[in-house]
Each structure stands twice: as C-alpha cells, then as structure tokens.
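> This is a predicted model, with the sequence first.
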Amino acid sequence: MKYLLLGNGKIKPSKRFDGFDAVVQFNHCRHRARVPAAALRWVFLSNTGSPMERNVDILCGLAADPALRDAVIIEARSPRFYRFKRALLWLCRSPHWQHFTPSNAGRRLERLWPVQTLDFAASWRLERKMCRAGMPGFMMPSTGMIAFDWVCQRMQPGDSLHIDGFGWRGWEGHPWEIEQAMMRKVLGWRGVG
C-alpha cells in the first residue's frame with residue numbers, strides 16, 4: 001500500500017499527489033483538493049484544548065466536499081491518557097496542565113462520518129517514545145506526529161510512506177525539532193531541505 005501523509009504546511013503549487021492508495025490528513029485538511037479520490041482516507045483531529053472546537057466547525061462546513069465523502073475521522077488523543085497526564089501535570093503544579101483537557105466536540109461529527117478515537121496504549125507508547133527522544137513531560141506530540149506514528153504502526157512489508165506539507169513549526173507545546181528528526185530518521189531523509 002502506498003500511503004500519503006499530507007500536512008497543512010506549504011506545498012509547491014504545481015505538485016500533484018497521484019497514485020496513492022491511502023491518504024492521511026489532519027485537522028482542516030488544507031490540501032484536500034490536491035489529492036485525487038483515494039481508496040482510503042483518514043483525517044486525524046486534535047481533540048484536546050481549544051483547537052478542537054474550531055477544527056470541528058471547519059470540518060462540519062466541509063461535509064459536502066467530495067474529497068472527504070468517504071473519510072474516517074480519528075480523534076488523535078486518547079481522552080483517558082490525556083486526563084491522566086493532565087492530572088499528573090496538575091499535581092506537579094505545571095502551568096501546562098490545561099492543554100491536556102479532552103474535548104467532546106467530535107461528537108458533532110458522528111452524524112457526518114465514522115469517528116474513531118486512538119486508545120490509551122497507542123498514546124502511552126508514543127508518549128514514551130517521544131520522551132526517550134527528549135520531549136519534555138509538559139509537551140505533547142503534534143497531531144501530524146500522531147498520524148505519522150499511526151501510519152508507521154499499520155505499514156506492512158512492501159508498503160511505502162510519502163509525506164509533504166510539514167513545516168515542523170507552530171504551537172510551542174509540540175517538540176517540533178524532535179518530531180522532524182524522528183520522521184526524517186524513519187523515512188531515511190538526509191540534509192535539511
């Protein structure tokens with residue numbers, strides 16, 4: 001299977017994404033129109049903190065978009081795990097605890113698409129992996145990193161993964177440099193470009 005993980009960052013205007021069996025995007029799927037209809041399409045949604053409400057509003061407005069017609073929405077963060085981490089940060093008096101508040105806004109999407117939520121074990125495994133790579137305990141993986149990890153876990157021998165639209169910058173609560181290094185290592189990229 002040929003997977004495409006498409007971020008919301010800059011992509012060359014002339015670039016097309018033909019020939020992929022599965023497309024994985026996240027949040028508002030900025031580049032959804034640049035991808036021909038795929039056999040499989042997943043949209044990872046940030047389901048913690050204030051971005052969730054905005055992302056759900058945007059997706060509800062895209063319900064008629066043919067590019068998303070057969071998508072499966074995946075809430076990227078296990079509510080059980082994030083409530084657990086939120087409590088730990090609160091007990092440690094970290095000012096970052098509020099960023100780990102799960103949202104129920106995704107329930108609005110259930111009438112439009114199938115909605116799944118990553119489980120505790122998947123969140124715990126990625127958290128441990130990121131912390132071993134140097135992520136401070138008050139940070140969390142980005143939705144793009146969670147989607148990347150999810151695809152890597154699904155891949156079988158002979159499958160391939162291509163990513164584009166990643167700028168590795170944004171909210172300061174994500175470890176962008178660590179994520180970039182981890183993705184590049186898995187994909188075997190060299191250099192900075």
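Everything's here; your move.

> Could you use CA atoms for every contact and neighbour count after this?
Noted.

> Where do the strands of the chain begin and end?
With DSSP state E, the ranges of strands along the chain come out as 2-6, 22-26, 40-45, 72-75, 115-117, 160-164.

> and the angle for the second one with strand 40-45?
In other words, strand 22-26. 10 degrees (axes from the mean of the first three to the mean of the last three C-alpha atoms, to 10 degrees).

> Could you pull up the residues touching residue 175?
135, 139-142 (C-alpha atoms under 8 Å, 6 or more residues apart in numbering).

> State the distance from it to residue 130.
9 Å (C-alpha to C-alpha, to the nearest Å).

> Start from the N-terminal end of this structure and give the helices.
Counting by DSSP state H, the chain has helices at residues 51-61, 79-91, 120-132, 143-154, 176-187.

> Give me the buried positions along the first one.
It refers to helix 51-61. Neighbour-count burial for helix 51-61 flags 52-53, 55-56, 59-60 (criterion: 16 or more other C-alpha atoms under 10 Å).

> how about the closest residue to residue 11 other than its chain neighbours, what does it touch?
Nearest in space to residue 11, with sequence neighbours left out and distances taken as C-alpha to C-alpha, 6 or more residues apart in numbering, is residue 165 at 5.4 Å. Listed by C-alpha under 8 Å, 6+ apart, the contact set of residue 165 reads 6-11.

> Of the residues you listed, which pair is most distant in space?
6 and 10 (10.3 Å; C-alpha to C-alpha).

> tell me which of the contacts of residue 175 is nearest to residue 16?
Scanning those for proximity to residue 16, where the rule is C-alpha to C-alpha, the winner is residue 142, at 25.0 Å.
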